[in-house]
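Trainee: here is the input, now give the coordinates:
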Amino acid sequence: MRLLGAHMSIEGGVHRALERGARVRCDTIQIFTRSSHQWRSKPLTKDDAALFREGQVEHGISPAISHANYLINMATPDAALRARSARALDDEISRCDRLGLPYLIIHPGADMGSGAEVAFDRVAKLLNGAFRRRPASRTRVLLETTAGMGTSVGHKFEHLAAILGRLERPERTGVCLDTCHVFAAGYDISSERGYHAVMEEFDRIVGLDRLRAFHLNDSKKGLGCRLDRHEHIGRGGMGVTAFWCLLNDARFDGIPMVLETPKGADLAEDAVNLALVRAQIGSRAPVKGPTVGMPASKAAHQKGRAAGR
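Mentor: A predicted model of the protein is given here:
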């Protein structure tokens with residue numbers, strides 16, 4: 001069983017994300033429950049939650065998962081920013097609980113030059129505090145693998161293991177593996193042999209049982225570039241083999257896998273990318289598929305513009 005979907009906008013209300021997901025045949029979706037780049041957030045009402053839960057039943061999309069605000073930095077040495085991040089994380093967890101979302105995905109943060117080891121302590125302390133303040137919460141916080149841009153932590157499997165090992169309630173956490181990020185961080189999953197070697201390494205250092213979600217993204221840049229630049233499936237530095245391996249790995253049955261690839265308002269790119277990843281399931285070899293990233297009509301239009309027509 002494969003739970004495939006994409007990140008969806010909540011413009012017009014959180015329940016609208018489910019309608020958008022249904023348009024491209026999502027089994028699961030990812031959302032922001034609040035603005036992704038602002039500290040202020042509009043409260044979620046009982047009506048918001050009711051409409052969302054009704055929409056899940058109507059469209060058959062489950063689970064829905066959430067991605068935390070990008071401003072949150074759990075690893076920062078800045079005490080004021082860390083306190084603000086803690087308050088925002090509390091709000092994120094509360095929103096997930098209200099909507100019945102099982103997972104909240106969050107970047108561990110950036111140490112701003114203060115060093116990784118002390119950053120691990122900061123991340124763990126902030127998470128421990130959030131769990132103590134919400135002992136009845138059913139939402140797990142998933143640490144996302146990062147590409148390693150700047151001073152971010154989480155681009156090495158050892159980083160994730162170090163943070164998880166410092167938690168008082170590790171059962172309330174997990175990991176979200178982003179295919180673009182691990183490739184950009186230097187883990188070569190672009191071949192069948194490389195994929196299995198990386199998964200074995202992850203299992204040895206962190207544990208495959210910690211994996212609770214996947215982000216399906218190709219990488220605009222090459223292996224070890226340390227850049228977080230998502231590309232359409234099969235059009236970047238990874239190619240399709242990693243996705244073929246992942247989609248046929250029975251160990252990850254029932255785990256939500258969502259696209260975070262570029263797209264327009266009509267979601268046509270999501271439909272193409274989802275079709276390509278679904279085509280991998282049960283295939284004897286990687287399915288390269290047609291040119292992806294835009295519908296055929298748009299591709300033709302762009303080709304015409306390039307030719308001067």
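Trainee: now the spatially most central residue of the chain: closest residue in space that isn't a chain neighbour?
Mentor: When Cα atoms, centre = their mean is applied to the chain, the residue found nearest the centroid is residue 215 (4.2 Å). Spatially, and ignoring its direct neighbours in sequence, residue 215 is nearest to residue 178 (3.9 Å; Cβ to Cβ, 6 or more residues apart in numbering). For the C-beta atoms, the positions are set from N, CA and C on the backbone; glycine is no exception.
Trainee: that neighbour contacts residue 213, doesn't it?
Mentor: No. At 9.4 Å, residue 178 and residue 213 do not qualify as touching, with contact defined as Cβ atoms under 8 Å.
Trainee: could you verify that the residue nearest to the centre of the chain is part of a strand?
Mentor: Yes. Under DSSP: H, G, I helix; E, B strand; the rest coil, residue 215 sits within a strand.
Trainee: how about the helices in the stretch 201-309 of the chain?
Mentor: Secondary structure of the stretch 201-309 of the chain by DSSP state H, counting those that start in this stretch: the helices cover 241-247, 268-280, 296-306.
Trainee: all strands of the stretch 151-300 of the chain, in order?
Mentor: In the stretch 151-300 of the chain, the segments counted as strands under DSSP state E, counting those that start in this stretch are 173-178, 211-216, 218-219, 230-231, 256-259.
Trainee: relative to strand 211-216, how tilted is the first one?
Mentor: Angular relation of strand 173-178 and strand 211-216 on a 0 to 180 degree scale: 20 degrees, by axes from the mean of the first three to the mean of the last three Cα atoms, to 10 degrees.
Trainee: in CSV, list the C-alpha atoms belonging to stretch 235-246.
Mentor: Only the C-alpha atoms of stretch 235-246 are listed here, as CSV (Å, rounded to 0.1, in the frame of the first residue of the first chain):
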residue,chain,number,x,y,z
ARG,A,235,14.3,15.9,-14.2
GLY,A,236,17.0,16.6,-11.6
GLY,A,237,20.3,15.2,-10.5
MET,A,238,18.8,12.1,-9.0
GLY,A,239,16.7,10.7,-11.9
VAL,A,240,14.0,8.1,-11.3
THR,A,241,15.8,5.1,-9.9
ALA,A,242,15.7,6.3,-6.3
PHE,A,243,11.9,6.7,-6.5
TRP,A,244,11.5,3.3,-8.2
CYS,A,245,13.5,1.8,-5.3
LEU,A,246,11.5,3.6,-2.6
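Trainee: who touches it?
Mentor: Applying Cβ atoms under 8 Å, 6 or more residues apart in numbering, the contact partners of stretch 235-246 are 179-180, 183, 189-192, 195-196, 214, 216, 218-223, 225, 231, 233-234, 252, 257, 276-277, 280, 283, 285-289, 291-293.
Trainee: try it again with 6 Å
Mentor: 179, 183, 189-192, 195, 218-222, 234, 277, 280, 286, 288, 293 (Cβ atoms under 6 Å, 6 or more residues apart in numbering).
Trainee: just the buried ones from the residues you listed?
Mentor: Buried by 16 or more other Cβ atoms under 10 Å: 179, 183, 189-190, 195, 218-221, 234, 277, 280, 286, 293, out of these.
Trainee: in CSV, list the strands of the stretch 151-300 of the chain along with distance to residue 201 and mean pLDDT.
Mentor: Shown next, in CSV, are these (distance: least, Cβ to Cβ, whole Å; pLDDT from 0 to 100):
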stretch, distance to residue 201, mean pLDDT
strand 173-178, 12, 98
strand 211-216, 13, 98
strand 218-219, 19, 98
strand 230-231, 23, 98
strand 256-259, 20, 98
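Trainee: could those go into CSV alongside distance to residue 26?
Mentor: Putting the strands of the stretch 151-300 of the chain into CSV (distance: least, Cβ to Cβ, whole Å) gives the following:
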stretch, distance to residue 26
strand 173-178, 17
strand 211-216, 12
strand 218-219, 19
strand 230-231, 18
strand 256-259, 8
